[in-house]
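A.B. asks: I would like to see how this sequence folds:
(one chain, ligands or ions: 1)
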Amino acid sequence: MSDRGHAGYRMALRTAGSLLGLVLALGASPAMLAAAASRTVTIQSFAFTPLTITAGDTVTWQNRDDTTHTATSDTNGFDTGQLAPGTSSRAIPFSVAGTFAYHCSIHPTMHGSIIVRAATAAPTPTAPPSTPRPTPAPTSPPTTPPTVPPTAPPTPSPVVASASSPPWWCRRSSAALTTRG
Ligand SMILES: [Cu+2]
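C.D. replies: Okay, here's the model as predicted:
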């Protein structure tokens, strides 16, 4: 029972490790990111999905409607030809940056465009900025909370001997005196 638990833990560790490796591999290869990609425009409900690509990428049109469509350049740059329902076009390369408008030659109301962004060069290491670090603004001195004057300890009220009743010894002696007298 405990063996199984260990195996599961080990497997989880291995999965985490391979995932980490994959992430590292993706992050460590900018060449892979710069490689040409195959992109897809979906034709559905008599509409083309908008698409922005990078110069060098290829575009494939996929017709998901129940009727035939085309993706025909407004400026005769490209034409997929007729795409029967459920079929895809050949991959059409876009090597120049710009916006390429197109339409469906069967349904003139259908319009789309492919936005091609210039391929970005591999990032070159830039020199650290020469501007000096901003000096921190002087901070105002901390305001000290007002000190509360110490409260005087309560003065014990003086014990006032009651003047009306004489002390016990006085009472006693006076009583003795009266009885004896
Ligand atoms: Cu169409």
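A.B. asks: from residue 55, how far out is residue 120?
C.D. replies: 10 Å (C-beta to C-beta, to the nearest Å). In short, each C-beta sits where N, CA and C put it, glycine included.
A.B. asks: actually residue 41, sorry about that
C.D. replies: To residue 55, residue 41 is 17 Å away according to C-beta to C-beta.
A.B. asks: which of those two has more neighbours?
C.D. replies: Legend: neighbour count by other C-beta atoms under 10 Å for residue 41 and residue 55, higher for residue 41 (24 against 16).
A.B. asks: any idea of the pLDDT on the more buried one?
C.D. replies: Here, the pLDDT recorded for residue 41 equals 98.
A.B. asks: any idea which element it lies in?
C.D. replies: Element membership for residue 41, per DSSP states H and E: strand 38-44.
A.B. asks: and that strand, what does it pack onto?
C.D. replies: Using 3 or more C-beta pairs under 8 Å, 6 or more residues apart in numbering; DSSP states H and E as the contact criterion, the neighbours of strand 38-44 among helices and strands are strand 51-54, strand 58-63.
A.B. asks: okay, the ones you listed, which one's buried deepest?
C.D. replies: Burial among those, expressed as mean neighbours by mean count of other C-beta atoms under 10 Å, is greatest for strand 58-63, which shows a mean of 20.
A.B. asks: does any bit of that one sit next to the ion?
C.D. replies: No. Strand 58-63 lies out of reach of the ion by C-beta under 5 Å from the ion, never closer than 8.4 Å.
A.B. asks: which outside residues touch that strand?
C.D. replies: Judged by C-beta atoms under 8 Å, 6 or more residues apart in numbering, the contacts made with strand 58-63 from elsewhere in the structure are 36-43, 48, 51, 53, 69, 71, 80, 83-94, 114.
A.B. asks: buried subset of these as a ChimeraX selection?
C.D. replies: Selecting in ChimeraX just the buried members of those, where the criterion is 16 or more other C-beta atoms under 10 Å, is done with this command:
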select :36,39,41,42,43,48,51,53,69,71,80,83,88,89,92,94,114
